[in-house]
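1. Any chance you can model this:
(one chain, ligands or ions: 1)
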Amino acid sequence: MSTILKIEHLSHRYSSSWAVRDLNIEINQNGIVGLLGSNGAGKSTTMNIICGVLNQTEGKVLINGFDIREQPEEAKKNIGFLPQTPPLYTDFTIDEYLHYTANLRAMDKSKIKAAVEHVKERCGLSHFSSRLIKNLSGGYRQRVGIAQAVIHKPKLVVLDEPTNGLDPNQLIEARKLIREVAQDHAVLLSSHILSEIRLLCRDVIMIESGRMVFADSMDAFDNYLQPNSMLVTLENMPSESELLAIKGVTKIEMLTSRQARLYYEAGQNINESVVEASMKNNWRLMEISADKTLLDDTFKQLSVQSAG
Ligand SMILES: Nc1ncnc2c1ncn2[C@@H]1O[C@H](COP(=O)(O)OP(=O)(O)OP(=O)(O)O)[C@@H](O)[C@H]1O
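-> This is a model prediction of the structure:
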């Protein structure tokens with residue numbers, strides 16, 4: 001079986017400056033892969049190249065084994081794309097628009113009607129079939145955008161910041177739909193919001209200044225960003241020096257009268273030592289948890305580092 005998406009040494013230059021440098025990405029299975037990066041990192045450029053909207057300066061993009069530049073028709077049959085601004089014709093009804101996009105994808109004419117019904121059902125649009133797109137809320141427009149991206153059952157679905165600008169209820173609905181889509185498709189989803197990527201994605205690729213700075217599972221990303229620290233809540237909080245005496249602990253930060261951040265050496269597991277010390281000294285351990293609060297800070301640092 002071919003790899004769904006393979007990107008080799010991809011670089012892109014706009015006039016004089018490079019927006020993407022030597023990207024290598026491979027996606028082999030369904031599920032959501034996050035493309036994370038701050039504004040201007042090169043996410044949209046990468047996605048536009050993957051989807052054949054922009055020709056790269058250097059490198060290769062293969063979709064299901066087809067080169068997007070050399071075999072664009074075959075490659076594009078395997079891609080569904082929702083750009084940052086959904087390509088909606090607002091004077092069309094949902095039905096008209098989905099028939100139109102199915103025809104654009106050169107789908108077998110005899111299968112279009114059933115495909116439109118199926119995708120409307122799947123995206124929760126059936127009850128709005130004959131409503132004009134201009135009369136839909138932002139959340140429903142986004143659903144139509146996703147529907148046009150999956151109507152032809154592509155192997156790869158590319159969603160450029162699909163949850164941007166949605167209100168909290170629309171966000172929940174959009175995430176649910178994207179998760180459902182990812183059960184049958186490989187989804188590449190971009191965002192500059194770390195928490196959004198953490199919520200949705202199995203794997204994450206982080207780019208900054210056009211270069212890849214990380215690519216692995218979300219769990220590995222959390223570990224990578226964890227500066228080896230944990231949060232402990234103790235009812236009887238001891239002194240800093242007593243906490244520092246716990247085996248493996250290298251630094252203490254007192255956060256409140258009952259909570260402290262404990263830093264430890266990479267690769268160490270200090271949970272047991274903390275529990276033991278607490279029991280021995282009657283510190284009354286209430287909670288011990290991985291420290292996720294530093295993630296956003298570290299993300300900012302990472303972004304700055306890679307820009308340098
Ligand atoms: N058409 C263009 N001409 C010149 N430079 C461009 C063009 N499009 C993007 N750029 C530049 O290329 C770099 C990458 O932009 P890109 O839009 O790919 O980033 P992004 O990660 O998608 O950011 P955002 O989330 O803000 O869209 C930026 O420095 C941007 O200013």
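2. Can you check the pLDDT for the one residue sitting closest to the centre of the chain?
-> By CA atoms, centre = their mean, the chain has its centre lying nearest to residue 34, at 2.5 Å. Listed pLDDT for residue 34 reads 97.
3. what about it, which helix or strand?
-> strand 31-36 (DSSP states H and E).
4. After that strand, heading C-terminal, what element do we hit next?
-> helix 43-50.
5. So residue 232, which state does it fall into?
-> Assigned with DSSP: H, G, I helix; E, B strand; the rest coil, residue 232 falls in the strand class.
6. still on that earlier bit, wait, what's in contact with the residue nearest to the centre of the chain?
-> Neighbouring residues of residue 34 by CB atoms under 8 Å, 6 or more residues apart in numbering: 189, 190, 191, 197, 200, 201, 203, 204, 205, 218. Where C-beta positions appear, they are placed from N, C-alpha and C, glycine not excepted.
7. gap between the last one and residue 20?
-> Counting by CB to CB, to the nearest Å, the gap from residue 218 to residue 20 is 23 Å.
8. Sort out which residues of stretch 17-27 are buried, please.
-> 18, 19, 20, 21, 23, 25, 27 (16 or more other CB atoms under 10 Å).
9. out of those residues, who's nearest the ligand?
-> residue 19 (3.4 Å; CB to the nearest ligand atom).
10. Would you confirm that the closest one belongs to a helix?
-> No - when classified by three-state DSSP, residue 19 is found to be strand rather than part of a helix.
11. Now do the contacts for it.
-> The contact partners of residue 19, taken as CB under 8 Å, 6+ apart, are 12, 13, 42, 45, 210.
12. The third one: what's it in contact with?
-> Neighbour list for residue 42: 12, 19, 20, 207, 209, 210 [criterion: CB under 8 Å, 6+ apart].
13. what subset of those residues is also close to the ligand?
-> Checking the contacts of residue 42 against the ligand by CB under 6 Å from any ligand atom, the ones in range are residue 19.
14. on that earlier part again, which of the contacts of residue 34 fall in helices?
-> The helices, defined by DSSP state H, take in 197, 200, 218 from the contacts of residue 34.
15. I'm done for today, thanks for sticking with me.
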